[in-house]
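S.K.: show me the folded form of this:
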Amino acid sequence: MRDETVVKKMVQIATTSAPDGSRLALHQHEKDYIITVDRNDLMVSRAHESELELARLGCGHVAGHRTPTVLIGGLGMGYTLRQTLDMLGSRATVVVAELLPEIVRWNRDYLGELTNHPLRDRRVVLKVDDVANVIRQSPGVFDAILLDVDNGPHAITDVRNSQVYSRDGIQSCINSLRSKGCLAVWSAFFDAPFERRLRQEHLHVRNFRVPAHKGSRSHHCCIWLASKDRRSTEYSFVS
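M.R.: Take a look at the predicted model:
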């Protein structure tokens, strides 16, 4: 009996270049989307649980506030933005800083259906800019900063991205937060030197090991919460 199974190939949809010259590409395989950098997987649509957790953990302390202002560094595939919007009320402001205009276009043209088109939400303020610039220009503005830039403290698409995770970058983030604001940072894996830098700023710090896939037993991704206010790191949000 002939096997009628058809294996669909991964199709490349679009490409762009990062500032350091590395090549990013958007691919589709059946219902899944993959963003690669120099042919290595950077983001996969089916593995987005840790991006949701970034929002749940980072915005837990403001979920009941009337007019919170949140900054998301790195649009990615829009999962963190979607979860943030779902947690916050109608008077919230969510600023999204994305360096690459092509990532924004991919979200609008191809990826929006994955997350119910969060860029169309009137609460969203989109800035096509380096998140470090947005942070430096916004002293005392944000109730929460959610950073998912590159691959975490160890940048893989542009070494300049690591600056936001330096001591100077951490200090800028804290200066950009309100008194009870919380910094939440996503990383593909635990980074002890980065955690030491957080603690050197005399912050209350917690780290969480989270799965990339919902229900997975492998918790290799890491999310840090850091704040001057201990209580802001102790909230959690259950969807």
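
S.K.: helices along the protein, start to end?
M.R.: Per DSSP state H, the chain carries helices over the ranges 49-58, 79-87, 101-106, 131-136, 167-176, 192-200.

S.K.: residue 154: how many residues sit nearby?
M.R.: Counted with other Cβ atoms under 10 Å, the neighbours of residue 154 add up to 16. Where you see a C-beta, it was placed from the backbone N, CA and C, and this is true even at glycine.

S.K.: could you pull up phi and psi at the closest residue to it other than its chain neighbours?
M.R.: Leaving aside its chain neighbours, residue 154 sits nearest to residue 191 (6.8 Å; criterion: Cβ to Cβ, 6 or more residues apart in numbering). Per-residue torsions, residue 191: phi -130, psi 100 (degrees, to the nearest 10).

S.K.: and residue 191, what's its pLDDT?
M.R.: Note for residue 191: predicted pLDDT of 94.

S.K.: for it, what are its contacts?
M.R.: 152, 153, 154, 222 (Cβ atoms under 8 Å, 6 or more residues apart in numbering).

S.K.: so how far is residue 164 from the first one?
M.R.: Going back to what we said before, that points to residue 152. From residue 152 over to residue 164 the distance is 10 Å, taken as Cβ to Cβ, to the nearest Å.

S.K.: same question for the last one.
M.R.: As judged by Cβ to Cβ, residue 222 and residue 164 stand 16 Å apart.

S.K.: tell me which of those two has more neighbours.
M.R.: residue 164 (24 against 21).

S.K.: surely that one touches residue 74?
M.R.: No: taking contacts as Cβ atoms under 8 Å, residue 164 lies outside contact range of residue 74: 9.9 Å.

S.K.: between these two, which contacts overlap?
M.R.: 131, 147, 149.

S.K.: for the second one, list each beta-bridge partner.
M.R.: With DSSP bridges as the criterion, the beta-bridge partners of residue 147 are residue 73, residue 185.

S.K.: where does the protein have low pLDDT?
M.R.: Counting by pLDDT under 70, the chain has low-confidence residues at 1-7, 155-161, 216-219, 236-239.

S.K.: identify the residues contacting the residue sitting nearest the centre point of it.
M.R.: With distances taken as Cα atoms, centre = their mean, residue 148 lies nearest the centre of the chain, 3.2 Å away. By Cβ under 8 Å, 6+ apart, the contact list for residue 148 reads 51, 54, 72, 73, 74, 76, 80, 186.
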